[in-house]
Each structure stands twice: as C-alpha cells, then as structure tokens.
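> return atomic coordinates for the entry below.
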Amino acid sequence: MWNNTTRGPTLAKTIFNDIGDGRGEDIRSGLRSDAAKLVSEALEQSQMRLPKWQSLACLILRNYEFDESANWTQAETELLQSLRMSVEELGQISTSSPLEAPLLSAEEWSLSDLPRKLGPTRVSISSIGDTREKSADSDIDKEDYFTYDERVWSMLKAAIANYKFVVLVGPPGTGKSKLIERLCKDITDNPQSYEFPEHFRPDPIWHTPEESWTAFELVGGYAPNEQGVLEWAPGLILNAVSDNRWLVLDETNRADMDKIMGPLITWLSEQTIEVGRTKPHDGERIELGWTELLTNRIEISEQTEKPVKYLVGRSWRMLGTYNPQDALRVFRFGQALSRRFVVVPIPAITPGQFDNLLKRQHPNLAEEVHDAIYRLYSAHYEHQETVLGPAVFLKMGRYYGIQDQQSLVPEEKQQAETVVESYVINVGKYLALYGDDVLNSLGDRIIGQESIIDADQWQWVIEQIDVLV
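Numbering: from 1, shown residues only. Prediction:
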C-alpha cells in the first residue's frame, strides 16, 4: 500500500536523492532525508487512512526470528532499525493504534478457523473412477481424487465447445489428463450441452509423442505394403478423423511438434491441404480438409477403394497437454504453431486446497506426517521453478500407509525418515532436474519451516538426488 501510494507522476522520483550524473533522482541514490514526510503528505492527499505501525512490522519483519518472550516493544526497535527511521518518521506514515493481538502466539491457525469468506476459492473434488480393491486391513475403498478450481473447469468447457485445437498447460501433477478424461465423460453424458449431436461420444485416442517422432507418425507417409510396394500409410490424425474419434496427445512437447506439424500449419487454420498421394509418383491426391457437417466425412477412391479425402466435422477435436517445466529440457511450441491452439492454464491448487485434499484422500495419516507433506507442497508452491501439482504429493501419503500397514517400519524408525523416503521416490525425479540455485533455495524453504524435516534429512535427500541425475 505504501509503495502504490507513492507512484504519482513525480513523487516516485522525488523521494530519492539526485544520482549525480544529470539524470535527476534515482532509486539507486537512496532515500531523501525527508522521504517519510513526503510519503505522509501523499497519503493525506490521497485521503487514505494511515495503517497501523504494527501492520507494517508484520510485513517487514515476517522472516525475523524473535525470542519466545519478545513483545511489540522489541518489534518496534527492530522495525525502526530495519527501515532506518526515527520514531517521529515512523509516525508520519503509520498510526500508533494497537492491533490488539500479541506479537507471537503459541496457537497455530487452521483452515477450519477461517471465516467462510476467507477460505479457499471454489473447488470441486471429484472421483476419477479409479477404485481399487479393498485391502485385507481396511473396509474402505480407496479412490484417487483430484481437485480443480471451478473457474478452470468453466474455461475448459468453453474452450472445448468452441475451438477445435485445445492444449492444457500446467505443472506436473495438476490433473491435466484427468480433466480431459472427465471432460470426455461429461460430453458423452451431456453432448447437447456442448452443442454436439445427440448420442455423440468423443471416444478419444490417446498417444504420448516421443522424441523420435516425425510427420510420419502424426500425418502419414509411404510404407511398403504386403507386396513390398510403397503406398500411403495414414498417421494418427488421419486415422482419428477416419474413425470419428478425438485425438489426445498427452505431454505434447515430448516431440518436436514444430517440425512434425509444420506441413499442417495451413490445415490448422481450417484450410484444405494435400498431405500426400496414394503412390509416390503418379498416385491420387490425399487431402485433409473441413466440412460444415457435425461429423467427419471420408471420401473413398474408386481406383484404390481407400480414403483420399479426410474432411473434419464441427464436432471433432484434437487436444493436448503441455508441461511448461519440461519445455526447458525438451521442446517448446513455436509461435506459428502455438497461436493455432487455444491454451487453457491448469495451475497447481493452493496449499490450503491441497490440505483439504490430503485429508480427504488420506484421513488416517499421523498428524506429523500430514503436516510434513503439506509443508513440502507449500515449499514447492512458493516459487514458479519448483511448483508441482497435488498428485505428486498425494502419492507420498500412500507410501506411508503401505509401510505402516505391512509393518515394514521398525518402531524406532523416525517418522521424518519415512516422510523423506516417500518424498525422494515420488518427487526426486523432479528434484534431479533442478539447477543448484533452485535446489538450494528449495532446501532453505523446507528446512526453515517448523516441520519434522531438518538439515540432516535434507542432506540425505541431496545424496539420493545425485544418484538420479
């Protein structure tokens, strides 16, 4: 609030000293001696109510480690030293009215204590139908659950209803593939709500591209027939269109799609193209185009009795999933290709939403284990370079439950060791891809939390990662 208030036409510069090279005031030259007074005047001019100094202390000193006996008087001393201000200057940009709360509290807040309006944003938790058999030690069916923001679901539904090429983009474990599965089921149950024909079924064909892929796998090419003669062999897209089934390319950027789909750029703009000929030299043209019909239409050659024209109807879709973190190590979509796809962001859920989901899927976890998994998720969530989806961390709870049920954990074994083991086997493959700076920063966040994972346990994690690199 202080920062935004000072961004007037001139004030943002005039609170700083002259840099001394003729360019005027600059942040690099430091604050003027009367900067606090200038900010105070700006606050008055904007008719904004001055905030409490204790609120400013909570912001500035949020990472400061106070003694258990510390009080607000000590906080004020630290705040003044941090801001290099006098008591009078602090009074110019804040009020002395108290927050009516202690500086430190022994009570930890919980999500259930929050007023409803401050709780997590609207989410849905849905079963994906992966019901496992009951174990001998439990009468409860275990199901995999995933969670998503209702606004994301709404965007995805609108994208599928209105566009033919849609890619879901988000970190690993955010449920991109599961969302497509649920979407296809929803369309099968209610096709007309998406303006698809009655009884329409997407019935998608799923494929995961590989680095070795060429246009042959996706579009088609020449291959020897039973007599050893070269003839056209259709690829995945042509087969999906012919079968009137949607095509899903999971983890699309595992292959160089710019190179593979280069010949299809014009088709992606909904124009008809020639993809090949029935024979290498004098064969008939094989075309991939569009029709205003709801369903696909295939035209058969009278000579070869094989398809020579694939016309895509208004109900056909090609979907993909894309992990932006992997783009640093595999392939990116070029601008020409990416602008022909509609991109729906699938972000990781907030730590508060993950906390609820973890309780739902693993209600019998020991409190310390639940807390450790929650804090690990939160530490990853703090920075874009390390954010991962909930599915990766939910598997940690399953590992601990199996160990406990099968009595594989000696009584003297510390819970921290088991949690760290499950962290390594479920998250280690992602950790091995981080650079040293990112990994060290993540370690500092994890160790700095009041959790059962300490510096020694983190060092053990690093040693295991060295094996995975």
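> phi and psi next, for the nearest residue to residue 442 once chain neighbours are set aside.
Distances taken as CB to CB, 6 or more residues apart in numbering put residue 386 closest to residue 442, at 5.2 Å, once the chain neighbours are dropped. For glycine as for every other residue, the C-beta is placed from the backbone atoms N, C-alpha and C. Main-chain torsions, residue 386, degrees, to the nearest 10: phi -120, psi 0.
> same check on residue 247?
phi -120, psi 130.
> next: the one 5 residues further on.
The phi/psi pair for residue 252 (degrees, to the nearest 10) reads phi -50, psi -40.
> tell me the contacts of the nearest residue to it once chain neighbours are set aside?
Leaving out its chain neighbours, the residue that sits closest to residue 252 by CB to CB, 6+ apart is residue 320, at 3.8 Å. By CB atoms under 8 Å, 6 or more residues apart in numbering, the contact set of residue 320 is 166, 167, 168, 248, 249, 250, 252, 341.
> ok, now residue 380?
386, 387, 388, 427, 442 are the contacts of residue 380 under CB under 8 Å, 6+ apart.
> how does the protein divide into domains?
In the domain annotation for the chain, the residue ranges read 2-92, 150-347, 348-468 (automatic domain parsing).
> settle this for me: residue 278 is touching residue 305, isn't it.
No. In this structure, residue 278 is not within contact of residue 305 by CB atoms under 8 Å, at 10.6 Å.
> more neighbours: those two, which one.
A count of neighbours by other CB atoms under 10 Å puts residue 278 above the other of residue 278 and residue 305, at 18 against 7.
> contacting residues for the residue lying closest to residue 66 once chain neighbours are set aside?
What sits nearest to residue 66 in space, not counting adjacent residues and going by CB to CB, 6+ apart, is residue 104, at 6.1 Å. By CB under 8 Å, 6+ apart, the contact list for residue 104 reads 66, 68, 70.
> for the second one, which residues are in contact?
Under the criterion of CB under 8 Å, 6+ apart, the contact list for residue 68 reads residue 104.
> tell me how far it lies from residue 277.
Relative to residue 277, residue 68 is positioned 81 Å away (CB to CB, to the nearest Å).
> which stretches of this structure have low pLDDT?
Along the chain, the parts satisfying pLDDT under 70 run over 1-14, 19-28, 43-49, 106-147, 325-336, 400-414, 469.
> now do the end-to-end distance for stretch 187-200.
8 Å (CA to CA, to the nearest Å).
> ok, residues contacting that stretch?
Stretch 187-200 is touched from outside by 157, 160, 161, 201, 202, 294, 295, 315, with contacts defined as CB under 8 Å, 6+ apart.
> weed out the non-buried ones from those.
Buried members of the contacts of stretch 187-200, scored by 16 or more other CB atoms under 10 Å, are 157, 160, 201, 202, 315.
> please state the backbone phi and psi of the residue of the chain positioned farthest from its centre?
Each residue of the chain has a distance to the centre, and by CA atoms, centre = their mean the biggest one is for residue 303: 51.0 Å. Phi and psi for residue 303, reported as degrees, to the nearest 10, are phi -80, psi -50.
> next: residue 167.
Per-residue torsions, residue 167: phi -120, psi 130 (degrees, to the nearest 10).
> about what we covered before: same list, the domains of the chain, but as JSON lines with distance to residue 100 please.
Formatted as JSON lines, these follow (distance: least, CB to CB, whole Å):
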{"stretch": "domain 2-92", "distance to residue 100": "9"}
{"stretch": "domain 150-347", "distance to residue 100": "36"}
{"stretch": "domain 348-468", "distance to residue 100": "25"}
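> of the ones you listed, which is nearest residue 99?
domain 2-92 (4.5 Å; CB to CB).
> so where does the spatially closest residue to residue 233 that is not a sequence neighbour fall, helix or strand?
Once flanking residues are discounted, residue 233 sits nearest to residue 223: 4.2 Å by CB to CB, 6+ apart. Following DSSP states H and E, one finds residue 223 within strand 220-224.
> repeat that for residue 217.
helix 215-218.
> what residues of the helix or strand harbouring residue 42 count as buried?
Residue 42 belongs to helix 35-45 when assigned by DSSP H and E. By 16+ other CB under 10 Å, the buried positions in helix 35-45 come out as 35, 36, 38, 39, 40, 42, 43.
> for the stretch 251-400 of the chain, what spans make up the helices?
Ranges of helices in the stretch 251-400 of the chain, per DSSP state H, counting those that start in this stretch, are 257-260, 265-268, 335-338, 351-361, 367-381, 390-405.
> what's the next helix or strand after the last one packed up against?
Meaning helix 390-405. Next helix or strand after helix 390-405 toward the C-terminus (DSSP H and E): helix 415-431. Helices and strands touching helix 415-431, by 3 or more CB pairs under 8 Å, 6 or more residues apart in numbering; DSSP states H and E, are helix 367-381, helix 390-405, helix 455-468.
> between the ones you listed, which one is nearest to residue 58?
Smallest distance to residue 58 across the helices and strands packed on helix 415-431 (CB to CB): 19.1 Å, for helix 367-381.
> reformat the helices and strands packed on helix 415-431 as TSV; add distance to residue 17.
Output for the helices and strands packed on helix 415-431, formatted as TSV (distance: least, CB to CB, whole Å):
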stretch	distance to residue 17
helix 367-381	39
helix 390-405	48
helix 455-468	42
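> out of those helices, which comes closest to residue 422?
Of all the helices and strands packed on helix 415-431, helix 390-405 sits nearest to residue 422, with 3.8 Å by CB to CB.
> tell me who's in contact with the residue nearest to residue 385 when sequence neighbours are not counted.
Distances taken as CB to CB, 6+ apart put residue 438 closest to residue 385, at 4.8 Å, once the chain neighbours are dropped. Counting by CB under 8 Å, 6+ apart, residue 438 touches 383, 385, 386.
> for residue 173, see how far away residue 201 is.
Look at residue 201 and residue 173: by CB to CB, they are 28 Å apart.
> what's the answer for residue 89, then?
Residue 89 sits 48 Å away from residue 173, taking CB to CB as the criterion.
> who has more neighbours, these two?
residue 173 (22 against 19).
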